[in-house]
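Asks: how does the following fold in three dimensions:
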Amino acid sequence: MYEEILPEEVEDNKRFNIFKIIFYYIIIGFVGWSFFSFIFTFFWFDIKEINIEGNYYTSNETIIKQGRLDKHINLFLFDVEASGLDILKNPWIADVYIKKRPPNRLSVKIIERKPEVLLYNNEVFYLISEEGVILSASGQSDNEHGLYIVTGLDIKNNIPGEKIDIEKYNYIKRIIYALNNIFPEQFYKIQVISNEEYLLFHKKAQIKVRIKDGDQLIDEWYLLERAIQNVIQENTPIKEINMKYEDRLSIILEE
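Replies: Predicted coordinates:
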C-alpha cells in the first residue's frame with residue numbers, strides 16, 4: 001500500500017535533519033577544541049630537550065638565548081620561523097634549521113661561517129669569514145685560530161654582520177690560497193699596498209716579500225722558494241725580496 005506523506009511530516013523531517021547536522025558540528029567542534037586545548041596546555045608537550053649540532057664557534061648557550069629556545073614552552077606554540085630569524089642575526093651563523101620532534105623535543109642544525117683572516121684596521125682587529133662577513137671586532141689581538149693577519153685594507157665603517165669589499169678581499173684570498181698550498185705555515189702576515197702590490201711577512205729571519213698578486217705567486221713560486229732557502233741558509237740580513245715584476249726577483253740587502 002502506498003502511504004501518503006503529509007507536508008507537515010516532510011517539514012518536521014527537514015527540521016530534524018538540520019538539528020542533527022548542527023548537533024554533529026557542535027560535537028565535532030567541542031572535540032576539536034578539547035583536543036587542541038589539550039596539546040597546547042598539557043605539560044607533556046612542553047619542550048624538555050633541545051639538540052643542537054653543527055656549532056663549533058658558537059656555544060649552545062648563545063644559540064639558545066638568541067633563538068629564545070627556552071625549555072618549558074609548548075612545542076606546538078613555539079614559533080620556529082621567528083626563532084630561526086633571531087639566530088641568523090648572529091654573524092657567525094650562515095644558516096639554521098629547526099625542527100619540532102613531538103612530543104617535547106627540538107632539533108637545531110647550525111651551519112656556521114668559518115674565520116679566514118684576522119684583519120687589523122684603525123686599531124681594531126676584525127675576524128673575517130671566508131665569504132667576507134665581519135664576524136667580530138675587538139681592540140685586542142686574539143689570534144687563537146692561527147689566521148693570517150691582514151693590514152692595509154680599509155673596511156670603512158662596517159660592523160659585524162656586514163661584508164667588506166669583496167673584490168679586494170678576493171685578491172687577498174688568492175694570495176692565501178697560494179701560501180697555503182705552496183708555502184704552508186711559512187708566512188703569517190699580508191700587508192695590502194694596493195690592488196697590484198702586496199707585502200708578505202715570513203716567520204723566519206724577518207723576511208719580507210713584495211709581490212704583484214696571488215697569481216704571480218703561483219706562477220713563479222720556484223723563484224721565491226729558492227731565494228728564501230738561500231737567505232735562511234746564508235743568514236743574510238735583507239730588507240726584502242722583491243718579485244713584483246714578472247720573471248724577475250731581486251733581493252734588497254739591509255744597509
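Asks: drop to CA atoms for contacts and neighbour counts, all remaining ones
Replies: OK.
Asks: mind exporting the C-alpha coordinates of stretch 117-128 to CSV?
Replies: Listed in CSV are the C-alpha atoms of stretch 117-128, where the atom choice follows Å, rounded to 0.1, in the frame of the first residue of the first chain:
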residue,chain,number,x,y,z
VAL,A,117,91.7,36.2,8.3
LEU,A,118,92.4,38.5,11.2
LEU,A,119,92.1,42.0,9.7
TYR,A,120,93.7,45.0,11.5
ASN,A,121,92.2,48.3,10.7
ASN,A,122,92.0,51.6,12.6
GLU,A,123,93.4,49.9,15.8
VAL,A,124,90.7,47.3,15.7
PHE,A,125,91.1,43.6,15.0
TYR,A,126,88.3,42.1,12.8
LEU,A,127,87.6,38.4,12.3
ILE,A,128,86.6,38.0,8.6
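Asks: how far off centre is that stretch?
Replies: 18 Å (Cα atoms, centre = their mean, to the nearest Å).
Asks: got a list of what residue 225 touches?
Replies: Going by Cα atoms under 8 Å, 6 or more residues apart in numbering, residue 225 touches no other residue.
Asks: relative to residue 167, how far out is it?
Replies: 28 Å (Cα to Cα, to the nearest Å).
Asks: quickly run through the sheet partners of the helix or strand encompassing residue 192, with directions.
Replies: In this assignment (DSSP states H and E), residue 192 forms part of strand 187-194. For strand 187-194, sheet partners with direction are given as strand 148-151 (parallel), strand 197-202 (antiparallel), following DSSP bridges.
Asks: residue 198 touches residue 191, doesn't it?
Replies: Yes - counting by Cα atoms under 8 Å, residue 198 touches residue 191, with 5.7 Å between them.
Asks: just to revisit the earlier point, can you list contacts of the strand holding residue 192?
Replies: Counting by Cα under 8 Å, 6+ apart, 147-153, 179, 198-203 sit against strand 187-194.
Asks: again, only this time at 6 Å
Replies: With contacts defined as Cα atoms under 6 Å, 6 or more residues apart in numbering, strand 187-194 is touched by 148, 149, 150, 151, 152, 198, 199, 200, 201, 202, 203.
Asks: circling back: would CSV of the strands paired with strand 187-194 with mean pLDDT, mean neighbour count and distance to residue 107 be doable?
Replies: Formatted as CSV, the strands paired with strand 187-194 follow (pLDDT from 0 to 100; neighbours: other Cα atoms under 10 Å; distance: least, Cα to Cα, whole Å):
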stretch, mean pLDDT, mean neighbour count, distance to residue 107
strand 148-151, 96, 19, 35
strand 197-202, 96, 19, 45
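Asks: and those as a markdown table, adding distance to residue 65?
Replies: Output for the strands paired with strand 187-194, formatted as a markdown table (distance: least, Cα to Cα, whole Å):
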| stretch | distance to residue 65 |
| --- | --- |
| strand 148-151 | 32 |
| strand 197-202 | 41 |
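Asks: ok, which of those strands comes nearest residue 130?
Replies: Of all these, it is strand 148-151 that lies closest to residue 130, at 12.3 Å by Cα to Cα.
Asks: name the residues that touch the closest one?
Replies: Contacts for strand 148-151 (Cα under 6 Å, 6+ apart): 117, 118, 119, 120, 188, 189, 190, 191.
Asks: nearest to residue 235, of these?
Replies: Of the contacts of strand 148-151, the one sitting nearest to residue 235 (Cα to Cα) turns out to be residue 188, at 19.9 Å.
Asks: how about residue 49: what's its closest non-neighbour residue?
Replies: Excluding the flanking residues, the one nearest residue 49 by Cα to Cα, 6 or more residues apart in numbering is residue 105, at 4.8 Å.
Asks: in contact with that neighbour, which residues?
Replies: If you count contacts by Cα under 6 Å, 6+ apart, residue 105 has them with 47, 49, 50.
Asks: likewise for residue 218?
Replies: Contacts of residue 218 (Cα under 6 Å, 6+ apart): residue 178.
Asks: tell me which helix or strand it sits in.
Replies: Going by DSSP H and E, residue 218 is part of helix 214-219.
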